[in-house]
Every structure is written in structure tokens, then in C-alpha cells.
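Participant: the sequence and its predicted three-dimensional model are supplied below.
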Amino acid sequence: MSKTNHKWIILFALQFFIGLTGCNHDPEPNSSAVNNSKPNISINEGPDLSVTDYNILFVGNSLTIYNDLPGLVVIEGERKGLDIGVRSVTTGGYTLERHWNNGILQNEIASGLFDFVVIQEGTSASLNGRANMIKYGTKIKEQCDGYNAKLAFFMVWPSVNNYHRFNEVIRNYRDVASGLDAILCPVGIAWKEYIDETGDYSYYDSDQHHPSLAGSQIAAEVIFESLIEK
């Protein structure tokens, strides 16, 4: 049996275990400030994508939209003396499945402009969330490989009410990224380590799910380090 096949057998065995021990529902974050009906492409202000040091495509939902996370990554690059070009395909409440089915992200990747494609599912603590990350992460990885872009997973976090499931979120993102030979941006791990050490939940916004500005700034630092300074 090949190493790759062995890895996926382990992943699907873990899926089954999680399905037995956890709920099979992954609620997506909702926000009245974002459009839940259709995807949109937002082009952040910054240098022309043809003259940057690195270009990043962000694909996700309101956890990426809040506080303009892509724009914060651009600022992080400026602090390190690099020009980072970003583009976002984001809609509140959207899953990777919905993004894939509407086709916009494929067109963006096919432009050949991007060095990295950073994707973000929901909390994905459940069996269904994990399975969707594998299924659509695989499709997106194949698209990225065809246009010389590196796929990266932006590991998110559960709501405060579901904090007890944080380790499942971490495990699923870590396993799926490893199984696809993709980059892991372990934002969730950075959040959990800080909260567990300090008891300070200020990385969460007032709704106890979306990120505060401080939470998004930490996310930007971790993503930049994972992609550029790895």
C-alpha cells in the first residue's frame, strides 16, 4: 500500500470516529453586515498584482471578511518590507462547497496571478465539516496545482459556546492540510494557546464567534508567517 493511500485511510477512519463522538452539524457564522445570497469578489487596495512580491487569493466567509483580514496581511507584508497583492472571494455563511459550485474561485485561480490560495471552511469540528473540507479541498488543490499556486488552509476557531470542541477543529484542519500536502496556517492554535494561558477571550468579537480586530491581527501575522516566512 502506498504512503498516500495509507494517509487517506487514516483520515477517513478519524472521520468515522468523530462522527460517533461529535455532532454532525457545523453552523456557519451569520452576520447582518454581509451578503448571504451570492458570492462577491472584493479587490483590496494595494499594489498592482502584476508587480507584487507575492499574491494571495482568499476564499472564505465572514471569518475572513471581518476586519478585512486580507488587508491586514498586506499591512503585515509592508511591515516586513514586502509588497503583497491580495484578492478575496468571500461571502458570509458560505462553505467551500458553495464557493466551488458557483465557479468564481476557479476562474480566479485560472488567472495564474496567485502564489497562494488561502481557503477557510467553517469551524469543521463535525464529521460533515471534515468530509467537506476533504472533498472540496481536494478539488481546489487540483485547480491550484494546474496553475502553480500553493494551497493553504486558514485554521479558524469555534464559537465561545463550542470552545470545548476546539481540539476537534484543530485536528481536522491539521489532518486535512497534511493529507492534501497543503500549507497549514494554524491561527486556531495561536488563539487557543493564548486564551488557555491568559483566560482572555478578547480575540473574539462581542458576538463570541467572529474575530475582534486583535483576533484578526493575530490571524494576519500567523498567515503571513505560514506562507512567506515558513
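Facilitator: Received, thanks.
Participant: going forward, measure contacts between C-alpha atoms and count neighbours the same way
Facilitator: Noted.
Participant: tell me the SS of residue 192?
Facilitator: helix (DSSP: H, G, I helix; E, B strand; the rest coil).
Participant: offset the numbering so it begins at 13, please.
Facilitator: I'll keep to 13 as the first residue from here, and by that count the last item is residue 204.
Participant: neighbours of it, how many?
Facilitator: Residue 204: 19 surrounding residues under other C-alpha atoms under 10 Å.
Participant: please identify which helix or strand holds the residue lying closest to residue 229 once chain neighbours are set aside.
Facilitator: Excluding the flanking residues, the one nearest residue 229 by C-alpha to C-alpha, 6 or more residues apart in numbering is residue 84, at 6.5 Å. Element membership for residue 84, per DSSP states H and E: helix 81-91.
Participant: please compute how far that helix lies from its chain's middle.
Facilitator: 16 Å (C-alpha atoms, centre = their mean, to the nearest Å).
Participant: go through it and flag the buried ones.
Facilitator: Buried residues in helix 81-91, counting neighbours by 16 or more other C-alpha atoms under 10 Å, are found at 81, 82, 83, 84, 85, 86, 87, 88, 89.
Participant: report how many residues lie close to residue 212.
Facilitator: 10.
Participant: so what's it up against?
Facilitator: Each residue near residue 212 by C-alpha atoms under 8 Å, 6 or more residues apart in numbering is listed here: residue 206.
Participant: identify each buried residue in the one helix or strand residue 145 maps to, please.
Facilitator: Using DSSP H and E, residue 145 falls within helix 139-158. Residues of helix 139-158 classed as buried: 139-146, 148-150, 152-153, 155-156 (neighbour count, 16+ other C-alpha under 10 Å).
Participant: tell me the one of these nearest residue 171?
Facilitator: Closest approach to residue 171 among the buried residues of helix 139-158 (C-alpha to C-alpha): residue 141, at 15.1 Å.
Participant: do you know how far the closest one is from residue 197?
Facilitator: 18 Å (C-alpha to C-alpha, to the nearest Å).
Participant: over to residue 207?
Facilitator: 18 Å.
Participant: which stretches of this protein form strands?
Facilitator: Along the chain, the stretches classed as strands by DSSP state E are 52-54, 66-72, 96-102, 128-131, 162-166, 195-197.
Participant: so who does residue 130 touch?
Facilitator: 68, 69, 70, 71, 163, 164, 165, 166.
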